[in-house]
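> only geometry, no sequence info:
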C-alpha cells in the first residue's frame, strides 16, 4: 500500500509540473498558432534566477521566487514584442525562430552559469507519515501549489474579462478585433500568463532539482507530448494528458526504468497522432 | 553561361586535395557534403508541404543497419550501405503510410516522436546497437585507398549523386505533382492525384538519401552512438534547409555548407557558437524569411521597413 502511495505521489508531482508547462505552451499555441520551443528555457531561466536570488544574494525563498517570476513576466513582454508578434500565425517561421531563441538563451545560460549543477536548499524539509508511506513535505507543497495554479488559470480563463478576450481571440481573431479587442494586448497578456505559469512551476520544483542550463528540455518535450495527447487548445485535455504522462512515467519508471517510461510515452504519442490526431479531448468552440 | 555555373565549384572541390591535404579541413568538407545532402533530401518532403523532425532517425536507421551488419554479421560495408538504405526506405514507407495523412504540426510531432522513440530504442537494445555507448570499431569501406582524401572523393561522388538525382526528380513529372500537392492537396486530389501515395513516395526518396548518408557516416567515423541521431540533429538539418532557403534547390546547398563551415570556425568559442547560431536563425526568420537565397530580392525591396508595427 505504502509503495503504491509513493508511486501515486510521484505521479502527481510529475503531472503537476508537466501540466503547468503544457498549459503555457497550449495558451500560446491557441492564440498565436505558434509552438514555442523556447518555453523550456523559460522554465530553466526561472529556476536559475531563483538560484541567483536565493543562494547567491541570500534572499529568502518567497521573495526570491517573486522576483524571479516578475523578471520572467517582463521577459515575456519583451520577447512577445520583439520576436513573436512579428510572426503571429506563421507556423513554420515562428517555430524555427523559437528554436533559434532556445539556442541563444541556453547558450547564454551555459556561458554565465557554468556546467556544475547547483541546488536551491529545500524550503520545506522533512517528511509526512501517511498510511505507512513517508512523503516529503516538499512534494506535497508542489502538488498543492500545482493544483492551485491550475485552478487559478482555469478560473481566470473562464470567468474574467481578460480570459473572455483570450477565448474570443482563440475562436476567431477577426471577430474578436471587430468587437474592439486589441489583438496585441491579448497576445501580450497571453505571453505574460504563459511565462508566469512556467516560471511558477519552475520555482515550485526547483528545490527538488539539480539545476543546470539543460533542465528545461524535459519539461518542454513532455509538454509537447501532453498537448498533442490531450488535444491542442484544450485545457481539460491538457489536464488529462498530463495525468496520463505523469503517471505512466511514475509507474513504468518505478517498475522498469525512466528510459522505458519515455519510450512508452513516445509510442503513445505516435499512436494518438496516427489514429486520433485531434487528441483525446479535442477542443470544441 | 548559367548552366556552366555549377561546374566552377565542382572543379574547385575536385582539385582541392591537390593543394591541401589538411585532414581537418577535408573532414569539415566531408561533413558539409553530408549536411548539404541531408538538407536537400529533407527538402523533398518540404516540396510536398510537410516538415519532418525525424531525419536524423532515418539517417540513424541506415547507419545502425549497415554498422550492425558489418560488425556482427561480417557483411561488406558496401553491401551494408545498400541494405541500410533499403531498411530506411522500409521504415519511411511504413511510417509514411500511417502518418502522411497528417499535415502541419501533426506530422512535425509524429516525426518528432518517431525520432525520440528511435533514440530510446537504440539506447536500450544493447545486443544490436551497443546501447548508450554505441557501436565501435565499424570497418571502413574496403577497397578505398587509406587516408582521408579517398573519403573526401567518395563524399563528393555521393554528393554529386544526391544533387543529380534529386534535381532530376524535381524537374520531372513527379516533381510537378509534388509541387501541386504542396500548393493545394485538395486541388491535386480533385485532378486525380493519389496524394498519400505521392507523399509516401517523397518520404521514401527522402529516406534513401538519409539512409545512404547515414551508412556513409558510420563507415567514415567508425563509431556511432545514439547521441549522433537525436531530435536536435534533425532540427539542425531543418535549419540548414530553412536558413539557406527552402524554396530554392540551391538553398539547402548554401545553408548546409555555410552553416557547417561556420560552426567549425566558431567551435573554439564553446557555448558561444550556439548563441551565434541561434541569433542568426532568429534574425533570418524575422528579416529574411526566404533564407540566404532570397538575400538579393530582400535587398532590392525599396520600402523595406523591418521595424514597422505588425498588422494582424
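Arrived safely. Since the structure is predicted, the reported quantities are computational estimates derived from the model, not experimental observations.
> For the top helix by length along chain A, list every residue counted as buried.
Under DSSP state H, the helix in chain A containing the largest number of residues is helix A:2-32. Within helix A:2-32, the residues that count as buried by 16 or more other Cβ atoms under 10 Å in any protein chain shown are A:6-7, A:9-32. For every residue, glycine as well, the C-beta is placed using N, CA and C.
> Chain A contacts on the stretch 1-150 of chain B?
B:51, B:98-99, B:102, B:104-106, B:108-110, B:112-114, B:116-117, B:120-121, B:123-124 (Cβ under 8 Å from any Cβ of the partner chain).
> Excluding chain neighbours, what is closest to residue A:6?
residue A:133 (5.3 Å; Cβ to Cβ, 6 or more residues apart in numbering or on different chains).
> just checking, what packs against the longest helix of chain A?
Counting contacts by 3 or more Cβ pairs under 8 Å, 6 or more residues apart in numbering or on different chains; DSSP states H and E, helix A:2-32 is packed against helix A:39-51, strand A:133-136, helix A:137-159, helix A:161-171, helix A:183-205, helix A:217-230, helix A:235-255.
> just to revisit the earlier point, show me how to select, in PyMOL, the buried members of the residues of the stretch 1-150 of chain B next to chain A.
Remark: buried members of the residues of the stretch 1-150 of chain B next to chain A, expressed as a PyMOL selection using 16+ other Cβ under 10 Å:
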select buried, chain B and resi 51+98+99+102+105+106+108+109+110+112+113+114+116+117+120+121+123+124
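> Out of the residues of the stretch 1-150 of chain B next to chain A, name the ones that lie in helices.
B:98-99, B:104-106, B:108-110, B:112-114, B:116-117, B:120-121, B:123-124.
> Mind checking the pLDDT average for the helix or strand containing residue A:265?
In the assignment (DSSP states H and E), residue A:265 maps to helix A:258-275. In this model, helix A:258-275 has an average pLDDT of 79.
> Also stretch A:81-95?
Rounded mean pLDDT across stretch A:81-95 is 84.
> and if you look at stretch A:221-241?
Rounded mean pLDDT across stretch A:221-241 is 83.
> which residues touch that stretch?
Stretch A:221-241 is contacted by residues A:18-19, A:21-26, A:29-30, A:35, A:39-40, A:150, A:153-154, A:157, A:170, A:242, A:244-245, A:265-266, A:268-269, A:272-273, A:278-283, B:105-106, B:109, B:112-113, B:116 when judged by Cβ atoms under 8 Å, 6 or more residues apart in numbering or on different chains.
> what about residue B:169, how many residues close to it?
Residue B:169 has 17 neighbours, counted by other Cβ atoms under 10 Å in any protein chain shown.
> how much space between it and chain A?
Distance of residue B:169 to chain A, computed by Cβ to the nearest Cβ, to the nearest Å: 23 Å.
> just residue B:31 next, same as before
Relative to chain A, and taking Cβ to the nearest Cβ, residue B:31 is found at 19 Å.
> Grab the nearest non-local neighbour of that residue.
residue B:260 (5.5 Å).
> Same check on residue B:233?
Here the residue nearest residue B:233, using Cβ to Cβ, 6+ apart, is residue B:56, at 3.6 Å.
> Just give me the longest helix of chain B.
helix B:195-221.
> still on that earlier bit, which element, helix or strand, includes the residue nearest to residue B:31?
helix B:250-266.
> Which other helices and strands does that helix contact?
Using 3+ Cβ pairs under 8 Å, 6+ apart, helix B:250-266 sits against helix B:23-47, helix B:231-244, helix B:272-287.
> After the longest one, which helix or strand is next?
What it means is helix B:23-47. Assigned by DSSP H and E, the successor of helix B:23-47 is helix B:55-68.
> Tell me which residues of that following helix come out buried.
Counting neighbours by 16+ other Cβ under 10 Å, helix B:55-68 gives B:55-68 as buried.
> Count the residues that sit near residue B:174.
Neighbour count for residue B:174, taken as other Cβ under 10 Å: 16.
> Show me which positions of the helix or strand harbouring it end up buried.
Here residue B:174, judged by DSSP H and E, is contained in helix B:173-183. Across helix B:173-183, burial judged by 16+ other Cβ under 10 Å covers B:174-175, B:177-178, B:180-182.
> would you turn the residues you listed into a markdown table with pLDDT and distance to residue A:128?
Putting the buried residues of helix B:173-183 into a markdown table (pLDDT from 0 to 100; distance: Cβ to Cβ, whole Å) gives the following:
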| residue | pLDDT | distance to residue A:128 |
| --- | --- | --- |
| B:174 | 93 | 66 |
| B:175 | 92 | 66 |
| B:177 | 93 | 65 |
| B:178 | 93 | 61 |
| B:180 | 92 | 64 |
| B:181 | 91 | 59 |
| B:182 | 89 | 58 |
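> residues in the stretch 151-300 of chain B within reach of chain A, list them.
Within the stretch 151-300 of chain B, the positions near chain A by Cβ under 8 Å from any Cβ are B:235, B:238-239, B:242, B:270-275, B:277-286, B:289.
> Please repeat the previous calculation with a cut-off of 6 Å.
The stretch 151-300 of chain B comes close to chain A at residues B:235, B:242, B:271, B:274-275, B:277-279, B:281-282, B:285-286, B:289, as judged by Cβ under 6 Å from any Cβ of the partner chain.
> Max pairwise distance over the residues you listed: which two?
B:271 and B:289 (27.1 Å; Cβ to Cβ).
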